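Visitor: prediction below, plus the sequence it came from.
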Amino acid sequence: GVPDFWLTAMSRCSAIAWRITARDIPVLRFLSDVRCIEFEKTPPAQEMPTMGGFRLEFDFAPNKFLKSQTLSKEYWLNEEDSDVLELPVGCDMQWNPGCHPAQIGAHAVASFFDLFQHTDPAPEEGAATPRELQQREMQLEDDFDVGLAFRHDLVPAALRWYTGEIPPEDDEPWEELDFADDDDEGEE
């Protein structure tokens with residue numbers, strides 16, 4: 001494949017690029033494919049009717065960071081309004097020791113890979129503060145926006161994003177991520 005194809009395409013789509021941190025880049029250099037699969041089925045462990053949605057699958061070449069070579073995220077959509085997220089379902093990420101970009105020692109930091117985490121179902125009434133509920137709602141909205149950007153923008157036109165044929169879609173100044181590999185972190 002083309003070196004840094006998906007990393008470059010993702011960095012040019014501002015709806016996705018803002019999630020990529022410097023610590024994510026060495027891992028994302030091994031990203032070999034991204035797929036969006038539409039589905040209609042019954043949600044896992046839920047007493048809900050059959051619903052539609054989409055699943056994003058990210059395949060990685062063998063590397064020193066991830067034990068699992070495929071990461072996925074499912075977005076279950078409201079059956080009456082497909083623009084409304086009902087249930088996001090992450091995957092179990094398996095990292096080699098000390099290689100998770102969202103962990104610095106015992107501290108968690110922001111990472112593109114937060115996208116793949118499971119999102120807890122809505123807490124029971126009174127179990128969370130209004131601030132916690134607001135933060136959760138913002139996290140779900142951001143997560144869904146990134147998922148929709150992959151679904152509608154990046155995956156169908158990845159080559160055009162990679163080549164720069166599609167310019168950034170917002171009015172904010174945009175700077176391309178620095179992929180310089182000064183210390184060969186991304187090499188195995």
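Guide: Yep, that arrived.

Visitor: specify the residue positioned farthest from the middle of the chain.
Guide: Distance from the C-alpha centroid of the chain, by CA atoms, centre = their mean, peaks at Gly126 (30.0 Å).

Visitor: what about stretch 80-90, how long is it end to end?
Guide: 23 Å (CA to CA, to the nearest Å).

Visitor: please, where are all the helices along this structure?
Guide: 5-11, 14-17, 25-28, 130-148, 158-163 (DSSP state H).

Visitor: make JSON lines from these and add mean pLDDT and mean neighbour count to it.
Guide: For every residue, glycine as well, the C-beta is placed using N, CA and C. Formatted as JSON lines, the helices of the chain follow (pLDDT from 0 to 100; neighbours: other CB atoms under 10 Å):
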{"stretch": "helix 5-11", "mean pLDDT": "97", "mean neighbour count": "23"}
{"stretch": "helix 14-17", "mean pLDDT": "95", "mean neighbour count": "18"}
{"stretch": "helix 25-28", "mean pLDDT": "98", "mean neighbour count": "22"}
{"stretch": "helix 130-148", "mean pLDDT": "89", "mean neighbour count": "14"}
{"stretch": "helix 158-163", "mean pLDDT": "96", "mean neighbour count": "17"}
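
Visitor: out of the ones you listed, nearest to Cys99?
Guide: helix 25-28 (7.7 Å; CB to CB).

Visitor: for the residue most central in space within the chain, give me its contacts.
Guide: Nearest to the mean C-alpha position of the chain, counting by CA atoms, centre = their mean, stands Leu115 at 3.9 Å. Counting by CB atoms under 8 Å, 6 or more residues apart in numbering, Leu115 touches Arg19, Lys73, Gly90, Asp143, Val146, Gly147.

Visitor: which of the residues you listed sits closest to Thr8?
Guide: For the contacts of Leu115, the nearest to Thr8 is Arg19 (15.2 Å; CB to CB).

Visitor: could you find the closest non-adjacent residue to that closest one?
Guide: Phe112 (4.6 Å; CB to CB, 6 or more residues apart in numbering).

Visitor: so that neighbour sits against Ile20, correct?
Guide: Yes: under the criterion of CB atoms under 8 Å, Phe112 makes contact with Ile20 at 4.8 Å.
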